[in-house]
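>>> Got a predicted structure here, sequence first:
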Amino acid sequence: MQQNAASNPFSMVAAYGDRPQMGLDVEFGSDPASGAAFFQSDGRKHDDLKQMLDSNKDGLKLEAMKRIIGMIARGRDASDLFPAVVKNVVSKNIEVKKLVYVYLVRYAEEQQDLALLSISTFQRALKDPNQLIRASALRVLSSIRVNMIVPIVMLAIRDSSADLSAYVRKTAAHAIPKLYSLDAEQKDELVMVIEKLLSDRTTLVVGSAVMAFDEVCPERVDLIHKNYRKLCNLLVDVDEWGQVIIINMLTRYARTQFVNPNGDEDADMAAEAASHGGANDERFYDESSPDEADEQHDHEEDDDDEKSHESVQNNGVPSNSPSTSYHIDVDHRLLLRQTKPLLQSRNASVVMAVAQLYHHVAPRHEVQLIAKALIRLLRSHKEVQSVVLNCIASMSTKRKTIFEPHLKSFFVRTSDPTHLKLLKLNILTNLASASSISLILREFQTYISSNDRSFVAATIQAIGRCAASIKEVTETCLSGLVHLLSNHDEHVVAESVVVIKKLFQTKAAEHYEIITQMAKLIDFINVPAARAAIIWLIGEYNEKVPLIAPDVLRKMAKSFVDEQDVVKLQVLNLGVKLYLTNPQQTSLLCQYVFTLARYDCNYDVRDRARFLRQFIFPSNGGGQTMLSQHARQVFLATKPAPLPESKYRDSNNFQLGSLSHYLNMPATGYKELPTFPAVAPDPTVRNIPGFMQEKLSINSESPLKGGGAGAGATGAGSGENSGSKQQRKKERNFLSDDEDDKSSAYSESSSSSSSTSSDSNSSDESSNEDNPGEDDKQKPKPKESTPKLIDDDDVVAKAVAVNNQTRDGGESGTSDSEESSEYSGSSSSSNSSDEPDEQLQEAKKQTEKPVAAKATPTAKSNLDLLLDLDDIPPIGPVMTPSLGGFLTPGTPAVTQTQASPATGGLELVGPSYIEFKHKQLLNKVSGHGLQLAYRFTRAPHLYSSSMCSIELQFQNCGPHEITNIHLGQRTLPAGMQLNEFSPVAQLQPQQMASGVLGIDFNDSTHAVDLELVSSAGSSRVQLKPPVGELVRAIQIPESHHREERAKLRGMNEHQCELHGLRRDLIDVTSLKQKIFECLNVAHTHSSATGQLHCFAGQTLSSKSLVLLTLQWQSDEALTLLVNCEKMVIGSMVLNELRNALQLSFSM
């Protein structure tokens, strides 16, 4: 018992059973929370706990309640203990009473009759001095779902909503939805309670009050008007759960109370699309190109200035049309600025809530702020990654420019589950553009070698989408897909066929000779979708292959009975099309196929045959019918091309981050996001009576002074009376100066809260906030290093006054482009309205004084420091893309980049050549039916970068199933290491599987002796690496190459001269390609005349440099120079290259 009590995580007192307990004279059995309770009889299942609960000892009662709560936490049923527990609700022990209430909350709804017997006790507990007891009593009382006690619960909620304890008021807010679901007729009275709770200034209560508002009366936006600014300012201090609730509510509020900040841009885009006709069809997902996006971003400020100027010239009357220039409301700006710091939250739900807020209500050019925050969440758990990636996949269809700088963050990791891989794949495809497509295609090339079939199929589909959307890489993608037709995996070939078919449909590919190659695959591919795609292609373009199409129909007629239904339907279509174009050769074949289909087992095939027969074999005895006359127009018409759209494009119809958005279908209880109004409702409803007038009267008495925050506010107060242009200019300056001078604090309650939450160091600042009249007399202090997140009350009030007055006078709030600056906290606790410019300049000078003589780096804001992803190491290995391959466009050589001094000028790069052909390691005779092939991938192994990554390909060539394929004994020379491949569980006959083996050869070419064990038997194999696979490509500067070569002289230098090579007949590209095939090195530089070519690499294990230099001494003599610290490696590399070059280029 002592051990169970000590290990119970729900014990309120640690190791209670370890202390000697007085009066424990009752013997009780084993712990009911343990598995031993299952072996007790039902009659005596909880007798020991009941005895403990009936005891007079508080220690026994407390121990029993701890064990009961432990049972509930483990999912065990403890409802039969309800009578014994409910009797202890009158216990004097506070700890026992807490646990009893926890139990009653769980079972009060199930045991309503017994719970009703204790109503009087709960009512008395509502007056208990302990706030936890009062809250627990209200929680239990509201959990009893009996209509009889509705008035009692209503009275308890009303009293608790005025309780002195914030915790009790929070509990009252949670009880409101329970009572509303029990009796909806109490809504009017509950709304009054909600109104009282919404006006609460305690952060503990606000979140629960908003939750009750959403559940009971979400249509009563009038309750939010007067509390809007308070909710925005308290948002930073509310608990994380409350932040999510409030942000979601404010998102819907903003969609109904503010105009669309992107209305003019949407109208311009629509007008441009109408003027250009179908020009936008060529764009990828209707997004502008990166160049256009950059140009638009560069001229945003100028455009907005022109819009503001036009608005002022138009007699000061703002237009209500969303297509005209807009000015963002000051309350709208308050919401965006107060939620922005929450992007730094540690809670993923809060970050997602802010992201969806910006996505739905922020100006388009400000949404880019959420990109880094969402990328940061990708370092979290798999469940969080799934939701975040789903949202990014949806956003990237319309806002791809904000995620393009973070393209590499979406590269797939080997540890990712399949659904995350597919999400990242969709995002990469959405973000593909002409500038980034080469990098993405190299990444896709690596994914195709994955063992996950669904991921490989999705990758091939993504390649097809890129080919159809970006015309520059259509030829490259098509050649890569054709290359995949010879892949060893049947599913890869099948998916490639389907994608090539779609490319032909979109007319992105005009190489009809590929159809001939695909027709040959009809004898080898067994996947029904691929066979149907090939047959459709042959039928659609039968005039391009007139000799092959009839023969394909002949083969399909022979195997028609054994085909799948989808293939049979395409065979019928093929027969009709060939009969219309080539009736002499295919007439009898068509009759045979349609006769077979007439008696097919599937009714779809029979119906299709009966329908199509009337087109080519009319039932009227050979006469022409209406169908036969129009047969060509029906079957040989041009088909509409399929649109390569993302499946996440439609999910934009739902609110971002919601369950409906994740499922891409309306979930129960989902409420659609309201649309922006064409005309903004009256903004004065958010003013608090009695407060704004007082502030305005104070401001109107002060004279107008120099431009700044205070002067702008003062000018706003008196601008309506004078109506001068100078004062209007001051108002505009106030509203567009900088974020520090904008309103952020609640007009009535923040004078105390802002001083405690934002700046707790100075009591003088607090006194200044309490006395706004003295604010003009005191001089503000310089900016401190810790920025404030909430501005001052007087600035807020003045900003709100400016907003309201300028709306009446002709200007409405702040310009969008002028409000788009980065977030920074308020400069000080009090902003002076007399001399702001001089004081700000003085503060700036003081902060710019150097502390030491040395220069200091540029400071970053809190948001930039937290979201600086470059300093965060990635979790898990990244699948290394290969440079150069069948999907690599014909781009110039890799440009040399300046490496960091810390690495000595060395920079690791990908291989320039990868061998995709497997070499046989074990034949099927020696392997007892198991055949093994291998190839070196030239990619660093995930276990260690010093290991060679070797792809093994297993094939069962025997008639029986082979299981449990793994490595047995192995003989490794000294210094070598090995990382096994994942065992293959089973291999059906003719099935293939692959694995990755990692071996550290310790910079030697000694063979490794391995034993391959399976259910078919064991076999010994020897694996010897070529010397070229022991090297990894690196990039080094030309000067560094010369310095290192000068150091590696003497015995570390190996040289030979090749004769019989004609320089004028040898292409430089072919020469480099041959070197890349033999040795995994990178080309570092060449001379201007092409006489000198230098390459560099380093050994995998010891990281020793391998420098290769080719120099033409004459037009028929080539000098080959190898410098390497490992003399044996250098000698072997020289011999390998010499033999390869002589064999390839010798005359």
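Arrived safely.

>>> got a list of contacts for the helix or strand hosting residue 393?
Here residue 393, judged by DSSP states H and E, is contained in helix 382-395. The contact list for helix 382-395, computed with CB atoms under 8 Å, 6 or more residues apart in numbering, reads 348, 352, 355-356, 359, 374, 377-378, 380, 402-403, 410, 417, 419-420, 423-424, 426-427, 430, 646, 648-649, 651-652, 656-657, 661-662. Any C-beta I mention is one placed from the backbone N, CA and C, and that applies to glycine too.

>>> Which other helices and strands does the helix or strand that it is followed by contact?
Moving toward the C-terminus from helix 382-395, the next helix or strand (DSSP H and E) is helix 418-431. Packing partners of helix 418-431 (3 or more CB pairs under 8 Å, 6 or more residues apart in numbering; DSSP states H and E): helix 382-395, helix 437-447, helix 453-469.

>>> Is it possible to get TSV of those that adds mean pLDDT and mean neighbour count?
Formatted as TSV, the helices and strands packed on helix 418-431 follow (pLDDT from 0 to 100; neighbours: other CB atoms under 10 Å):
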stretch	mean pLDDT	mean neighbour count
helix 382-395	92	21
helix 437-447	89	22
helix 453-469	89	22
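
>>> Can you tell me the SS state at residue 681?
Classification of residue 681 using DSSP: H, G, I helix; E, B strand; the rest coil returns coil.

>>> That one contacts residue 257, correct?
Yes. Counting by CB atoms under 8 Å, residue 681 touches residue 257, with 5.6 Å between them.

>>> And the two? Which one has more around it.
Neighbour totals were compared for residue 681 and residue 257, and residue 257 leads with 25 against 14 (other CB atoms under 10 Å).

>>> so that one sits right up against residue 222, yeah?
No. The criterion here is CB under 8 Å, and residue 257 misses it with residue 222 at 11.1 Å.

>>> What residue, apart from its backbone neighbours, is nearest residue 496 spatially?
Nearest non-adjacent residue to residue 496, counting by CB to CB, 6 or more residues apart in numbering: residue 484, 4.2 Å away.

>>> Over to the one you found: give its phi and psi.
Main-chain torsions, residue 484, degrees, to the nearest 10: phi -70, psi -10.

>>> So it versus residue 530, what's the distance?
Distance of residue 484 to residue 530, computed by CB to CB, to the nearest Å: 12 Å.

>>> between the two, what contacts are shared?
residue 493.

>>> Okay, domains of this structure per the record?
Taking the TED database as the domain assignment, the ranges for the chain are 47-255, 432-509, 511-637, 907-1025, 1029-1145.

>>> Of the ones you listed, give the one that comes closest to residue 676.
domain 47-255 (6.0 Å; CB to CB).

>>> start to end distance for that closest one?
This stretch, domain 47-255, spans 60 Å end to end (CA to CA, to the nearest Å).

>>> Report the mean confidence score over that domain.
In this model, domain 47-255 carries a mean pLDDT of 89.

>>> and what of stretch 1118-1129?
Over the span of stretch 1118-1129, the pLDDT mean works out to 89.

>>> Can you list the low-confidence ranges for the protein?
Along the chain, segments meeting pLDDT under 70 span 1-45, 264-326, 507-511, 619-624, 641-652, 689-905, 1147.

>>> on that earlier part again, now the helices and strands packed on helix 418-431 in a markdown table, with distance to residue 670?
Below are the helices and strands packed on helix 418-431 laid out as a markdown table (distance: least, CB to CB, whole Å):
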| stretch | distance to residue 670 |
| --- | --- |
| helix 382-395 | 16 |
| helix 437-447 | 34 |
| helix 453-469 | 28 |
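
>>> wait, which of the ones you listed is closest to residue 1004?
That would be helix 437-447 among the helices and strands packed on helix 418-431, by CB to CB, at 28.4 Å.

>>> helices or strands next to that closest one in the packing?
helix 418-431, helix 453-469, helix 474-484.

>>> Format these as CSV; extra columns: distance to residue 133.
Below are the helices and strands packed on helix 437-447 laid out as CSV (distance: least, CB to CB, whole Å):
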stretch, distance to residue 133
helix 418-431, 47
helix 453-469, 56
helix 474-484, 70
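
>>> Tell me which of these sits nearest to residue 438.
Of all those, helix 474-484 sits nearest to residue 438, with 8.8 Å by CB to CB.

>>> Columns distance to residue 366 on top of the domains of the chain, output as CSV?
CSV is the format used below for these (distance: least, CB to CB, whole Å):
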stretch, distance to residue 366
domain 47-255, 14
domain 432-509, 22
domain 511-637, 45
domain 907-1025, 37
domain 1029-1145, 39
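
>>> what's around residue 925, how many residues?
Neighbour count of residue 925, defined by other CB under 10 Å: 9.

>>> how about it, secondary structure?
Classification of residue 925 by three-state DSSP places it in coil.

>>> can I assume residue 1054 sits in a strand?
Yes. Counting by three-state DSSP, residue 1054 is located in a strand.

>>> show me what contacts it?
Going by CB under 8 Å, 6+ apart, residue 1054 touches 1121-1124, 1127, 1130-1131, 1133-1134.
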